[in-house]
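[1] here you go, sequence then predicted model.
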Amino acid sequence: MQQTTVNNYEAAKQLYAKHGIDVDRVLERLAQIKISMHCWQGDDVRGFLNREQDLTGGISVTGNYPGAARTPDELRADLEKAFSLIPGKHKVNLHAIYVDTDEKVELDQLEPKHFQKWVDWAAEQGLGLDFNPTCFSHEKSSDGFTLSHPDPEIRRFWIDHCKASRKIGAYFGEQLGQTCVTNVWVPDGFKDVPADRLAPRQRLKDALDEVFAEELNPAHNLDAVESKLFGLGSEAYVVGSHEFYMGYGLRNNKLICLDAGHFHPTEVISNKLSSLSLFSEGILLHVSRPMRWDSDHVVTMDDELIDIGRELVRGDLLGKTHIGLDFFDASINRIAAWVVGTRNTVKSLLRAMLDPIDALKKAELEGDYTTRLALTEEFKSYPFGAVWDYYCEKHGVPVREEWLSEVKAYERDVLLKRGN
Ligand SMILES: C[C@H](O)[C@H](O)[C@@H](O)C(=O)CO
Ligand SMILES: [Mn+2]
């Protein structure tokens with residue numbers, strides 16, 4: 001280890017120790033936290049099932065940066081590169097369209113065997129896997145409806161796909177010895193004001209009841225449901241709104257997924273975590289960065305990310321929260337996008353753990369808001385960067401922006417040779 005890294009770390013440790021913060025212990029805790037890195041940043045949400053199919057479902061990827069993964073092997077190689085630059089052991093979040101098989105198989109017919117190569121790879125890499133049915137980018141979702149579709153045959157197709165997905169999730173969990181979170185998100189909604197808001201929600205509820213009817217071992221698979229306020233083409237009404245899934249998840253013991261981009265532009269998910277934690281079985285996060293709309297920008301160290309980290313740490317919510325990422329930017333190097341977003345998410349948790357939480361809570365209880373403000377502000381310039389550098393070096397990944405030259409070399413040697 002570099003002597004400067006150690007010296008800076010030791011100096012930082014002493015400063016934090018004055019406030020009773022045990023930095024070595026913090027780093028042990030941090031190493032336990034897994035971030036679920038979403039595979040779909042690596043290829044602009046195309047997947048491998050119907051590559052000719054356009055991305056639909058009211059989400060959009062912009063940019064044409066070269067080098068997107070075209071095959072499962074390329075995607076795995078890119079993920080490995082990204083993980084080699086991120087401290088800690090994490091998870092990969094797969095969508096059903098990332099199936100790796102030579103068989104021509106439809107979404108409702110998918111089986112665990114079609115994902116065996118992903119499982120073998122994850123086991124070899126020491127990674128966990130999470131899963132998502134893909135209820136978009138398909139001819140049967142072309143009118144914008146899936147599980148709430150008025151046509152029972154189309155509904156049946158999507159119900160069967162979601163049921164198949166849960167079994168795949170349970171297989172991941174069982175094989176890898178790490179619980180898989182299978183998250184259901186459907187794009188269903190209307191561009192313009194509906195005549196009937198209730199009937200689609202009733203159909204979605206009934207469909208979900210069928211999807212979740214089979215009990216699965218919770219050590220292998222946990223179900224999550226993801227709400228949304230609006231999408232492209234569903235501006236007026238989304239069937240699976242926040243209230244809908246909040247009710248559904250609480251009543252049926254499902255994890256409730258909060259995506260940072262799925263609320264009104266000034267509404268933040270950090271302020272929802274404490275309330276939800278009091279009532280829900282568990283929480284899934286889709287950490288994202290909405291810029292004026294659900295734009296899925298790469299996560300930066302902005303106020304909301306800092307607040308998400310703080311809420312998770314201060315409320316002791318890490319045990320019941322599964323942290324996933326959800327962004328897709330095709331205008332920059334896709335591996336760099338993963339690295340920036342994931343490193344920032346881990347770093348936000350570290351920053352939160354290095355805050356003088358007990359002193360802040362005590363000041364607040366005593367009504368000493370002056371101390372609360374003063375400490376909060378002073379700690380913004382405490383040397384958490386020195387602790388982060390040490391953590392990176394300890395985990396064998398590049399310190400500070402050193403990772404960028406590795407990404408540039410990979411781009412030159414691998415990505416640009418793909419010719420796309
Ligand atoms: C690809 C993801 O499943 C998707 O982004 C979903 O999670 C979402 O957030 C849709 O807006
Ligand atoms: Mn999401």
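    The structure has been received and is ready for your questions. Numbering: from 1, shown residues only. Ligands and ions are numbered 1, 2, ... in the order given.
[2] hmm, who's touching the helix or strand that Glu377 is a member of?
    Assigned by DSSP states H and E, Glu377 falls within helix 369-379. Helix 369-379 is contacted by residues Leu354, Asp355, Pro356, Ala359, Leu360, Ala363, Glu364 when judged by CB atoms under 8 Å, 6 or more residues apart in numbering. Placement of C-beta: from N, CA and C, glycine included.
[3] and that helix, which residues are buried?
    Thr371, Arg372, Leu375, Phe379 (16 or more other CB atoms under 10 Å).
[4] and ligand 2, which of the contacts of helix 369-379 contact it?
    Among the contacts of helix 369-379, proximity to ligand 2 is found for none (CB under 5 Å from the ion).
[5] mark which of those are buried, thanks.
    Buried, going by 16+ other CB under 10 Å: Leu354, Asp355, Pro356, Ala359, Leu360, Ala363, out of these.
[6] which residue ranges of the stretch 251-400 of the chain form helices?
    273-279, 303-314, 334-353, 357-365, 369-379, 384-394 (DSSP state H, counting those that start in this stretch).
[7] same question for the stretch 101-250 of the chain.
    Secondary structure of the stretch 101-250 of the chain (DSSP H, counting those that start in this stretch): helices at 116-125, 152-176, 198-211, 242-252.
[8] which residues touch the nearest residue to Lys117 once chain neighbours are set aside?
    Take Lys117 and drop its neighbours on the chain: the residue closest to it by CB to CB, 6 or more residues apart in numbering is Asp100, 4.4 Å away. By CB under 8 Å, 6+ apart, the contact set of Asp100 is Phe48, Pro72, His114, Phe115, Gln116, Lys117, Trp118.
[9] one step back: okay, the helices of the stretch 101-250 of the chain in CSV with mean pLDDT and mean neighbour count next?
    What follows is the helices of the stretch 101-250 of the chain, written out as CSV (pLDDT from 0 to 100; neighbours: other CB atoms under 10 Å):
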stretch, mean pLDDT, mean neighbour count
helix 116-125, 98, 16
helix 152-176, 98, 21
helix 198-211, 98, 18
helix 242-252, 98, 17
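[10] out of those, nearest to Gly324?
    helix 152-176 (13.3 Å; CB to CB).
[11] quick one: list the elements packing against the closest one.
    Judged by 3 or more CB pairs under 8 Å, 6 or more residues apart in numbering; DSSP states H and E, helix 152-176 is in contact with helix 116-125, strand 128-132, strand 180-184, helix 198-211, strand 221-226.
[12] which residues are contacting the fourth one?
    Among residues not part of helix 198-211, those counted as contacts by CB under 8 Å, 6+ apart are 145, 147-150, 155, 158-159, 162-163, 166, 184, 186, 188, 194, 225, 239-240, 244, 248, 252.
[13] the same query, at a cut-off of 6 Å, please.
    With CB atoms under 6 Å, 6 or more residues apart in numbering as the test, helix 198-211 has contacts from Leu147, Ser148, Arg155, Ile159, Cys162, Lys163, Val239, Phe244.
[14] of the residues you listed, closest to Asp22?
    Nearest to Asp22 out of these is Phe244 (CB to CB; 43.3 Å).
[15] look up the closest residue to Leu30, ignoring the ones flanking it.
    Leu350 (5.5 Å).
[16] can you tell me which residues in the stretch 251-400 of the chain are near ligand 2?
    Asp259, His286, Asp326.
[17] so who does the first one touch?
    Going back to what we said before, that points to Asp259. Asp259 makes contact with Glu226, His286, Ser288, Asp326 under the criterion CB under 6 Å, 6+ apart.
[18] in strands only, show me the residues you listed.
    The strands, defined by DSSP state E, take in Glu226, His286 from these.
[19] now, which of the contacts of Asp259 lie close to ligand 1?
    The subset of those within reach of ligand 1, by CB under 6 Å from any ligand atom, is Glu226, His286, Asp326.
[20] which of these tops the neighbour count?
    Compared across these, Asp326 has the highest neighbour count, 28 neighbours, by other CB atoms under 10 Å.
[21] now do the same for the spatially closest residue to that residue that is not a sequence neighbour: its pLDDT.
    Nearest in space to Asp326, with sequence neighbours left out and distances taken as CB to CB, 6+ apart, is His286 at 3.7 Å. Confidence at His286, expressed as pLDDT, is 98.
[22] next: Met1.
    As predicted, Met1 sits at a pLDDT of 89.
[23] so who does it touch?
    Counting by CB under 6 Å, 6+ apart, Met1 has contacts Glu393.
[24] per-residue pLDDT, Val181?
    The model's pLDDT for Val181 equals 98.
[25] next: Leu222.
    Leu222 is given a pLDDT of 98.
[26] for the nearest residue to it once chain neighbours are set aside, what are its contacts?
    Using CB to CB, 6+ apart and skipping the chain neighbours, the partner closest in space to Leu222 is Val181 (5.1 Å). Applying CB under 6 Å, 6+ apart to Val181 gives the contacts Asp130, Leu222, Ala224, Leu284, His322.
[27] neighbour-wise, which of those leads?
    Highest count within the contacts of Val181 by other CB under 10 Å belongs to Asp130, 29 neighbours.
[28] isn't that one right up against His95?
    No. Asp130 is beyond contact range of His95, at 9.9 Å (criterion: CB atoms under 6 Å).
[29] from the residues of the stretch 251-400 of the chain next to ligand 2, pick the one nearest Asn271.
    Nearest to Asn271 among those: Asp259, at 14.7 Å, using CB to CB.
[30] give me the residue from the stretch 51-200 of the chain nearest ligand 1.
    Using CB to the nearest ligand atom, the closest approach of the stretch 51-200 of the chain to ligand 1 is made by Trp185 at 4.4 Å.
[31] and the stretch 101-250 of the chain, which residues reach ligand 1?
    Asn132, Trp185, Glu226, Lys228.
[32] now do 8 Å
    Counting by CB under 8 Å from any ligand atom, the residues of the stretch 101-250 of the chain close to ligand 1 are Asn132, Thr134, Phe136, Asn183, Trp185, Pro187, Glu226, Lys228, Gly231.
[33] what number of residues lie near the residue nearest to Arg166 when sequence neighbours are not counted?
    With sequence-adjacent residues excluded and distances taken as CB to CB, 6+ apart, Arg166 is closest to Thr182, at 5.3 Å. The number of residues packed near Thr182 is 26, by other CB under 10 Å.
[34] alright, that wraps it up for me.
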